[in-house]
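Participant: fold the following, please.
(2 chains)
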Amino acid sequence: MLTAIFHKKRKAAEAAAKAIEAAGGSIEQTRRVYGTRLLVRGALWASVYLLSRGLLELNTLPPAARVVIALLPAPFFVYYLWTWMKGVGEMDELERRIELEALGFAFPAFIVFLMTLGLLDLAITLSPDDFSLHHIWAMMPLFYFAGLWRAKKRYQ
Amino acid sequence: MKNRLKVLRAERDWSQEELAKQLGVSRQTINAIETEKYDPSLPLALKMGRLFELCVEKIFELDEKKPN
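Facilitator: Prediction:
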């Protein structure tokens, strides 16, 4: 009887070990590849954005060229977003929920932020050097990261 | 939802990492389920049932005190 139980347990342990070996740490590997891709594509987009912004601030190019330069970072950002979305598809269910909660926090929080800025602008006229469109969009990722931190903390 | 995941895992002498690999999820997910901060989806709960050779009700139990 005891031998049979022992044998059954050993078989179960062997099967589990095989399953772990078959998985071969694929989740970690996928995550590492995704992280690297996100970093490289993000750096690529940020470089193109900074280059475009630098060229536009020089104010020496003709309007047509300025429009082309202004549109240049968009495809790189779309490429970066596509990588991110693909990565979300490869996440497990809890990680996806964390992403959803992060976005669920960032979107309404950003609306509150924009609404308040709009009203403040009516009240005291905010300086365009600090609160123009090319400054404000960069705040949105901050709201996303705040949401991500909040959601991760919740499930830790 | 209450669950016996930690006990079942300990009985088999598996780490959270090993269980996570077998279920195809992250270690963080296993930890969140064990600490009852996260309720798994039905497919994941069924996968657990299959892995532990138990029906889902033997692993998970509704916590009547907690509202959904």
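
Participant: tell me if stretch A:139-156 is near chain B.
Facilitator: Yes - under the criterion of C-beta under 8 Å from any C-beta of the partner chain, chain B is reached by stretch A:139-156 at A:154, A:155, A:156. Bear in mind the C-beta positions are built from the backbone N, C-alpha and C, glycine included.

Participant: most neighbours of all those, which one?
Facilitator: Scoring the residues of stretch A:139-156 next to chain B on neighbours with other C-beta atoms under 10 Å in any protein chain shown, the highest-scoring entry is residue A:155 at 18 neighbours.

Participant: could you give the separation of stretch A:130-140 from the chain centroid?
Facilitator: 18 Å (C-alpha atoms, centre = their mean, to the nearest Å).

Participant: just stretch B:47-55 next, same as before
Facilitator: The answer for stretch B:47-55 is 9 Å, by C-alpha atoms, centre = their mean.

Participant: touching that stretch from outside, list them.
Facilitator: B:5, B:8, B:12, B:22, B:23, B:24, B:40, B:56, B:58, B:59 (C-beta atoms under 8 Å, 6 or more residues apart in numbering or on different chains).

Participant: what of stretch B:31-41?
Facilitator: In contact with stretch B:31-41 (C-beta under 8 Å, 6+ apart) are residues A:93-94, A:97, A:154-156, B:1-3, B:5-6, B:9, B:16, B:29, B:48, B:60, B:63.

Participant: perfect, that will be all.
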